[in-house]
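[1] Quick check, what structure comes out for this input:
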Amino acid sequence: MRRAARIDANQNNIVKALRAAGASVRVITQGDGIPDLLLGYNGHTLLMELKDGDKPPSARKLTEAEQKFFDEWKGGNLSIVNSVEEALAILASLP
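    As a prediction, the model looks like this:
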């Protein structure tokens with residue numbers, strides 16, 4: 001039986017900020033290393049893995065399953081996000 005996924009403390013704030021910026025956001029609760037958020041923004045599709053930027057770097061490390069997903073992902077726009085500012089900067093960087 002799979003354990004319930006842990007939600008990072010900053011997830012709600014990041015989701016709210018992304019939606020306020022005009023992104024479509026879906027929280028993914030699949031687990032198995034799949035990133036936390038699926039976004040659509042100005043014709044782009046993005047995946048974001050959220051980490052709590054207030055925690056020490058050792059606590060923000062990707063899990064083994066997350067690292068495997070990142071290593072094997074053949075699509076684009078896959079990011080690790082530690083804060084609202086980082087998430088919005090990714091949107092701003094899109095063409």
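[2] where does Met1 land on pLDDT?
    Listed pLDDT for Met1 reads 41.
[3] Assumed Leu38 was part of a strand.
    Yes. Assigned with DSSP: H, G, I helix; E, B strand; the rest coil, Leu38 falls within a strand.
[4] Any idea how many residues pack against it?
    Leu38 is flanked by 16 other residues according to other CB atoms under 10 Å. Yep, even glycine has a C-beta here, placed from its N, CA and C like the rest.
[5] repeat for the one 5 residues further on
    In terms of burial, Gly43 registers 7 neighbours under the definition other CB under 10 Å.
[6] got the buried residues for the top strand by length along the chain?
    Longest strand of the chain, by residue count under DSSP state E: strand 44-50. Within strand 44-50, the residues that count as buried by 16 or more other CB atoms under 10 Å are 46-50.
[7] before we move on, what about stretch 9-28?
    By neighbour count on 16+ other CB under 10 Å, the buried set for stretch 9-28 is 10-11, 14-15, 17-18, 23, 25.
[8] cool, stretch 70-78 as well?
    For stretch 70-78, using 16+ other CB under 10 Å, the buried residues are Phe70.
[9] Span of it from start to end?
    8 Å (CA to CA, to the nearest Å).
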